[in-house]
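In: return a 3D structure for these sequence lines:
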Amino acid sequence: SSLTNPDEHSYQLVIKAWSKCVRKLDPCDSDEIEHASRMCRQFLQEAVDNLLADRIMYNQVLAASRYNAKEAEHIFQKMKVEEIADYSSYVFLLRAYEQCSQPNLFEHAEKAEKIILQMGIEAGDDRMKLP
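Out: Okay, here's the model as predicted:
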């Protein structure tokens, strides 16, 4: 057979396709958003299991977690452990905090503030000191 197992590029594309669904869906379509987001995570896990996961895939899944701050935090922490978080990763996490709804507005605003401080510290800005 001329077919091969999915490679890195294949996983990037399928994750991107599901991630795009989340971005294009109406925020009110929570079931469809949850489904698309879950598919992103599922394919990322497959890529991880096959040692094919990369920063692009993680960032796409992070982008798809824009309505689920807990999920975004979970993915972001994995990226920090793998040392593959980049500027986009921070922005996608901030977007998840910004998109959150009641009753966690203050909690997420404060978490967003801490992420900004963390970005400054990691960039070596001495003015950015955690209070």
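In: middle-most residue in this structure, spatially?
Out: residue 62 (1.0 Å; Cα atoms, centre = their mean).
In: now that residue: phi and psi?
Out: Backbone torsions of residue 62, given as degrees, to the nearest 10, read phi -60, psi -40.
In: need the contact list for it.
Out: The neighbourhood of residue 62, defined by Cβ atoms under 8 Å, 6 or more residues apart in numbering, consists of 72, 75-76, 79, 89, 92-93, 96. Every residue, glycine included, has its C-beta placed from N, CA and C.
In: for this structure, give the helix that spans the most residues.
Out: Identified as the longest helix of the chain according to DSSP state H is helix 30-49.
In: and that helix, what does it pack against?
Out: Applying 3 or more Cβ pairs under 8 Å, 6 or more residues apart in numbering; DSSP states H and E, one finds that helix 30-49 contacts helix 8-24, helix 55-64, helix 69-82.
In: got the buried residues for the longest one?
Out: This points to helix 8-24. 11-12, 14-16, 18-19, 21-22 (16 or more other Cβ atoms under 10 Å).
In: can you put the residues you listed in TSV and add distance to residue 110 and pLDDT?
Out: Formatted as TSV, those follow (distance: Cβ to Cβ, whole Å; pLDDT from 0 to 100):
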residue	distance to residue 110	pLDDT
11	35	97
12	34	97
14	35	98
15	30	98
16	32	97
18	30	97
19	27	97
21	30	96
22	25	94
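In: pick the one among those closest to residue 49.
Out: Nearest to residue 49 among the buried residues of helix 8-24: residue 11, at 10.7 Å, using Cβ to Cβ.
In: the closest one and residue 124: what is the separation?
Out: 34 Å (Cβ to Cβ, to the nearest Å).
In: quick one: residues contacting the residue nearest to residue 27 when sequence neighbours are not counted.
Out: Once flanking residues are discounted, residue 27 sits nearest to residue 67: 6.6 Å by Cβ to Cβ, 6 or more residues apart in numbering. Taking Cβ under 8 Å, 6+ apart, we find residue 67 in contact with 22, 27, 30, 33, 37, 96, 99-100.
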